[in-house]
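[1] What would the 3D arrangement of this be:
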Amino acid sequence: MTRNISSFDSTNGAQVASSGASGGSIFGKMKMAGRCVVLAGAFVASGAVWAGPGADYAEHCASCHGEARLGGTGPALIPETLKRMRGPKVANVILNGRVATQMPAFQEDLTPEAVEALSAWLKTPLEHVPPWGEAEITESRDMNPEYVSVEAPVWASDPMNITLAVETGDHHVSVLDGDTFEVLDRFPTPFAVHGGPKFDPTGRYVFIMSRDGWVQKYDIYALKEVGRVRAGLNSRNIAMSADGKWLAVANYLPNTLTILSTDDLSVVRVQEVKGKDGTPSRVSAVYQAPPRESFVLALKDVPEIWEIFYGKNPPQFGFAHDWRMEGMAPNDNPFPVRKITTPDYLDDFFFDQTYEYIMGASRSGEGGQVIDLVIGHKIADLELPGMPHLGSGITWKRNGTTVMATPHLKDGVISVIDMTTWETVEQIKTEGPGFFMRSHENTPYVWADVFFGPNKDKMHVIDKQSLEIVETLQPVKGATVAHVEFTKDGRYALVSVWEDDGAVIIYDAATLKEVRRLPMRKPSGKYNVWNKITFSEGTSH
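    Numbering: from 1, shown residues only. As a prediction, this is how the structure comes out:
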């Protein structure tokens with residue numbers, strides 16, 4: 001098997017034969033990809049696929065997890081990613097679905113015997129996992145021949161009040177004027193965008209990543225895609241360096257962190273991720289820590305935090321805190337790595353305002369920890385029941401201190417924590433588990449969705465000071481309502497109706513009255529340029 005067979009057209013997830021740069025640009029494959037999906041569907045429907053778990057996978061799993069099991073909207077289903085799901089756990093997930101994810105239950109579609117066979121089949125190694133290092137990434141790099149840079153925006157809107165709306169229904173992004181809400185452009189993205197787009201410090205360029213590892217660069221001023229590159233086979237998210245020079249890509253497969261040049265998407269480094277004892281690990285997420293000029297990695301398979309420095313003056317070895325003892329590489333390495341041992345696995349993070357402290361939790365456990373990045377040790381425990389979603393946490397000022405609030409993926413509760421004492425201030429009861437929270441420095445309210453369960457059509461509006469729910473909105477009865485973003489000035493709140501025939505609903509953030517609806521195809525996240533590049537209060541970072 002060659003790399004051709006495992007290369008995906010990122011527009012729709014179909015397997016498309018490609019020989020990299022010599023095989024033609026992805027910009028010329030868009031029409032052919034649609035034909036591949038139709039043919040693949042016909043092939044399965046006709047019964048030509050051999051009977052057994054392979055046929056069941058093709059019918060029920062491939063659309064989300066990729067035809068080669070290498071991931072799509074869902075993770076890769078291979079032994080490397082399933083090794084922590086021992087015994088009957090895989091079969092149980094197939095039968096009953098998975099809490100706090102979009103993994104459905106198949107107990108009405110597959111017999112118990114078929115589930116057992118499929119579970120065993122998924123745990124068998126692929127005949128060949130294609131290598132995906134610097135050479136393969138470089139070969140996949142595909143720059144748009146039609147792109148021409150411009151000196152100024154080709155539109156008259158406020159460049160700092162542009163908002164991007166990701167439409168997962170048909171894999172597009174809409175570029176919105178934050179004042180008029182006019183759609184300036186709607187462009188195709190890689191398949192299954194994940195982890196949130198990242199803007200460069202000027203707000204001109206945005207970088208978008210898909211679950212199958214493609215990274216796309218788009219010029220907002222020119223309203224044109226610059227190019228794309230496949231930085232991994234199954235990826236989690238991206239992070240932008242504070243100086244805008246580097247883009248880090250967190251990969252599940254292979255177990256690497258890829259660092260790209262934001263200028264031309266060329267590969268700068270492929271960092272293999274292994275714990276201090278040599279155990280390989282998936283990278284759950286990568287974050288930027290601007291004051292530290294570093295990327296911070298959450299690891300799935302080893303109880304460690306990694307910090308990779310990109311600044312010109314990375315921390316020196318010192319007598320008081322000799323980081324060589326913590327696994328930091330020598331300073332002649334352009335991206336020195338510091339490895340910090342933690343008491344438990346931490347695959348979800350939230351940083352304090354100084355980026356000296358990490359609030360971390362494991363998706364498989366209860367509670368959390370506070371890690372002091374300066375000394376590299378745990379300093380406090382956190383009361384966080386019900387699988388917190390720290391990556392969606394936000395902060396604001398209250399009673400002379402700063403508090404942090406996070407939703408929980410299992411329980412209908414929002415935890416509010418004092419970031420000075422690390423004590424829980426309040427646990428706000430909600431109508432169900434939530435996924436996202438947002439606010440803005442110019443609004444007295446926090447908006448929190450109820451993403452999971454029967455009340456998924458609700459949106460709570462919470463007073464920042466009293467911590468009481470002041471209103472519960474129900475924009476579309478029975479529809480999933482999620483994720484809020486604000487305009488630059490905080491005057492308007494944009495809410496997603498997360499359905500294929502959905503919409504972005506614009507609310508007056510003061511009166512909580514609906515102003516306008518923009519029809520969209522399953523819109524998920526919205527991202528305002530100003531809020532993101534200034535790390536606005538109430539926006540996840």
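[2] any idea which residue sits dead centre in this structure?
    In the chain, the centroid-proximal residue (CA atoms, centre = their mean) is Gly195; its distance is 1.6 Å.
[3] quick one: Asn71 and Asp212, what's the gap?
    Actually, residue 71 is Gly rather than Asn. Distance, Gly71 to Asp212, by CB to CB, to the nearest Å: 6 Å. C-beta coordinates here come from the backbone N, C-alpha and C atoms, glycine included.
[4] tell me, what's touching those two both at once?
    Shared contacts of Gly71 and Asp212, defined by CB atoms under 8 Å, 6 or more residues apart in numbering, are found at Leu233, Asn234.
[5] quick one: the strands in the stretch 201-350 of the chain?
    Assigned by DSSP state E, counting those that start in this stretch, the stretch 201-350 of the chain shows strands spanning 205-209, 214-219, 224-230, 234-240, 246-253, 256-261, 267-272, 283-289, 294-299, 304-309, 337-341, 348-351.
[6] so can I have JSON lines of those strands showing mean pLDDT and distance to Pro153?
    Converted to JSON lines, these look like this (pLDDT from 0 to 100; distance: least, CB to CB, whole Å):
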{"stretch": "strand 205-209", "mean pLDDT": "98", "distance to Pro153": "12"}
{"stretch": "strand 214-219", "mean pLDDT": "98", "distance to Pro153": "10"}
{"stretch": "strand 224-230", "mean pLDDT": "97", "distance to Pro153": "12"}
{"stretch": "strand 234-240", "mean pLDDT": "94", "distance to Pro153": "20"}
{"stretch": "strand 246-253", "mean pLDDT": "96", "distance to Pro153": "22"}
{"stretch": "strand 256-261", "mean pLDDT": "98", "distance to Pro153": "24"}
{"stretch": "strand 267-272", "mean pLDDT": "97", "distance to Pro153": "29"}
{"stretch": "strand 283-289", "mean pLDDT": "95", "distance to Pro153": "26"}
{"stretch": "strand 294-299", "mean pLDDT": "96", "distance to Pro153": "30"}
{"stretch": "strand 304-309", "mean pLDDT": "96", "distance to Pro153": "34"}
{"stretch": "strand 337-341", "mean pLDDT": "95", "distance to Pro153": "39"}
{"stretch": "strand 348-351", "mean pLDDT": "91", "distance to Pro153": "32"}
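[7] Next, format those strands as CSV and append distance to Gln107 and mean neighbour count.
    CSV is the format used below for those (distance: least, CB to CB, whole Å; neighbours: other CB atoms under 10 Å):
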stretch, distance to Gln107, mean neighbour count
strand 205-209, 33, 24
strand 214-219, 34, 25
strand 224-230, 35, 22
strand 234-240, 26, 24
strand 246-253, 27, 26
strand 256-261, 36, 23
strand 267-272, 40, 18
strand 283-289, 29, 22
strand 294-299, 32, 26
strand 304-309, 37, 23
strand 337-341, 41, 20
strand 348-351, 29, 24
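[8] Reformat those as TSV; add distance to His389.
    TSV is the format used below for the strands of the stretch 201-350 of the chain (distance: least, CB to CB, whole Å):
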stretch	distance to His389
strand 205-209	19
strand 214-219	24
strand 224-230	28
strand 234-240	14
strand 246-253	17
strand 256-261	22
strand 267-272	27
strand 283-289	12
strand 294-299	13
strand 304-309	18
strand 337-341	23
strand 348-351	7
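[9] The residue nearest to the centre of the chain against Ser284, yeah?
    No: using CB atoms under 8 Å, Gly195 is not in contact with Ser284, being 10.7 Å away.
[10] what sits in contact with each of these two?
    Arg236, Ala250.
[11] so who does the residue nearest to the centre of the chain touch?
    Counting by CB under 8 Å, 6+ apart, the residues that Gly195 touches are Met209, Ser235, Arg236, Asn237, Ile238, Ala250, Ala285.
[12] Quick check: it is in a strand.
    No: using DSSP: H, G, I helix; E, B strand; the rest coil, the secondary structure at Gly195 is coil, not a strand.
[13] So for it, what's the pLDDT?
    pLDDT, Gly195: 86.
[14] before we move on, what about the one 3 residues further on?
    Note for Lys198: predicted pLDDT of 98.
[15] check contacts around it.
    Lys198 is in contact with Val206, Phe207, Ile238, Ala239, Met240, Leu247, Lys532, counting by CB under 8 Å, 6+ apart.
[16] what pairs with it across the strands?
    Judged by DSSP bridges, the bridge partners of Lys198 are Phe207.
[17] now do Arg228
    Per DSSP bridges, the residues bridged to Arg228 are Asp142, Gln216.
[18] Please tell me I have it right and it contacts Trp214.
    Yes: Arg228 lies in contact with Trp214 (CB under 8 Å); the separation is 5.5 Å.
[19] Name all residues that make contact with Gly391.
    Gly391 is in contact with Ala285, Asp348, Phe349, Phe350, Ser540, counting by CB under 8 Å, 6+ apart.
[20] re the thing from before, right, and the pair among the contacts of Lys198 with maximum separation?
    Longest distance between any two of the contacts of Lys198 is 14.4 Å, between Leu247 and Lys532; criterion CB to CB.
[21] So which of the strands of the stretch 201-350 of the chain is nearest Leu126?
    When the strands of the stretch 201-350 of the chain are compared by CB to CB, strand 246-253 sits nearest Leu126, at 10.3 Å.
[22] Chain neighbours aside, what residue packs nearest to Met143?
    Spatial nearest neighbour of Met143, excluding adjacent residues (CB to CB, 6 or more residues apart in numbering): Gly227 at 3.6 Å.
[23] My read is that the one you found contacts Leu265, right?
    Yes: between Gly227 and Leu265 there is a contact at 5.6 Å, judged by CB under 8 Å.
[24] got any residues that touch both of these two?
    Taking CB under 8 Å, 6+ apart as the contact rule, Gly227 and Leu265 both touch Arg141, Met143, Lys217.
[25] With Leu260 as the reference, measure out to the first one.
    As judged by CB to CB, Arg141 and Leu260 stand 9 Å apart.
[26] Give the residues shared as contacts by these two.
    The contact sets of Arg141 and Leu260 overlap at Val229, Ser266 (CB under 8 Å, 6+ apart).
[27] Contacts only, for the residue lying closest to Thr279 once chain neighbours are set aside.
    Excluding the flanking residues, the one nearest Thr279 by CB to CB, 6+ apart is Val302, at 5.1 Å. By CB under 8 Å, 6+ apart, Val302 lies in contact with Lys274, Gly275, Lys276, Asp277, Thr279, Ser281, Tyr345.
[28] how close does Val302 get to Phe295?
    Applying CB to CB, the value for Val302 to Phe295 is 17 Å.
[29] Apart from its chain neighbours, what residue comes closest to Met459?
    Leu473 (4.4 Å).
[30] That's all I had, so thanks and see you.
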